[in-house]
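Trainee: Task: produce atomic coordinates for the following.
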Amino acid sequence: MEQLDESVDGREIELTAGQEFELTLRENPSTGFRWRVTADGSPACVLVRDGFRAPNEGRPGQGGSHVWQFRAAQAGQGRIEMSYTRTAGEAARTFTLSVRVAG
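Mentor: Model prediction:
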């Protein structure tokens, strides 16, 4: 499974139908900021799994990583967009990834 991170922000990736990839972005929910999915890559991709990974040390207030697993569902194009926001307020950061799936 292909592993992607913040370094692919603003880029386009090409996949084949059925291929899966994992996207990992740093997150610190104790500050009130969380990544929100604003576009899930459909119809070309589907979100398979979504979760937070804390470091092994587990100190209070320490950040970690938010991880999403996607599957290329069908041929076509999709766009994955995320915003790093508090519940109310403007995005402190954004992330965008264009996905092209070959049949």
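
Trainee: Pull the distance from stretch 91-103 to the chain's centre.
Mentor: 8 Å (C-alpha atoms, centre = their mean, to the nearest Å).

Trainee: pLDDT on it, on average?
Mentor: For stretch 91-103, the per-residue pLDDT values average out at 95.

Trainee: Can you pull out the residues in contact with it?
Mentor: The set of residues that contact stretch 91-103 without belonging to it, under C-beta atoms under 8 Å, 6 or more residues apart in numbering, is 4, 6, 8-17, 19, 23, 25, 33, 35, 41, 44-45, 70, 72-85. Where C-beta positions appear, they are placed from N, C-alpha and C, glycine not excepted.

Trainee: for stretch 34-42, same thing?
Mentor: Residues from elsewhere that reach stretch 34-42, judged by C-beta under 8 Å, 6+ apart: 25, 27, 46-47, 50, 66, 68, 70, 73, 78-86, 95, 97, 99.

Trainee: hmm, back to that, filter the contacts of stretch 91-103 down to the buried ones.
Mentor: Among the contacts of stretch 91-103, the ones that count as buried by 16 or more other C-beta atoms under 10 Å are 4, 8, 13, 15, 19, 23, 25, 33, 35, 41, 44-45, 70, 72-73, 76, 78-80, 82-85.

Trainee: For the host helix or strand of residue 70, which strands pair with it and how are they oriented?
Mentor: Following DSSP states H and E, one finds residue 70 within strand 64-72. Taking DSSP bridges as the criterion, strand 64-72 sits next to strand 20-27 (antiparallel), strand 45-53 (antiparallel) in its sheet.

Trainee: Any chance of the ones you listed in TSV with distance to residue 91 as columns?
Mentor: Compiled in TSV, the strands paired with strand 64-72 are given as follows (distance: least, C-beta to C-beta, whole Å):
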stretch	distance to residue 91
strand 20-27	13
strand 45-53	18
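
Trainee: can you redo these as CSV with mean pLDDT?
Mentor: Shown next, in CSV, are the strands paired with strand 64-72 (pLDDT from 0 to 100):
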stretch, mean pLDDT
strand 20-27, 97
strand 45-53, 95
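
Trainee: Give me the distance between the residue nearest to residue 84 when sequence neighbours are not counted and residue 6.
Mentor: Closest residue in space to residue 84, ignoring its immediate chain neighbours: residue 93 at 4.1 Å, by C-beta to C-beta, 6 or more residues apart in numbering. Counting by C-beta to C-beta, to the nearest Å, the gap from residue 93 to residue 6 is 9 Å.
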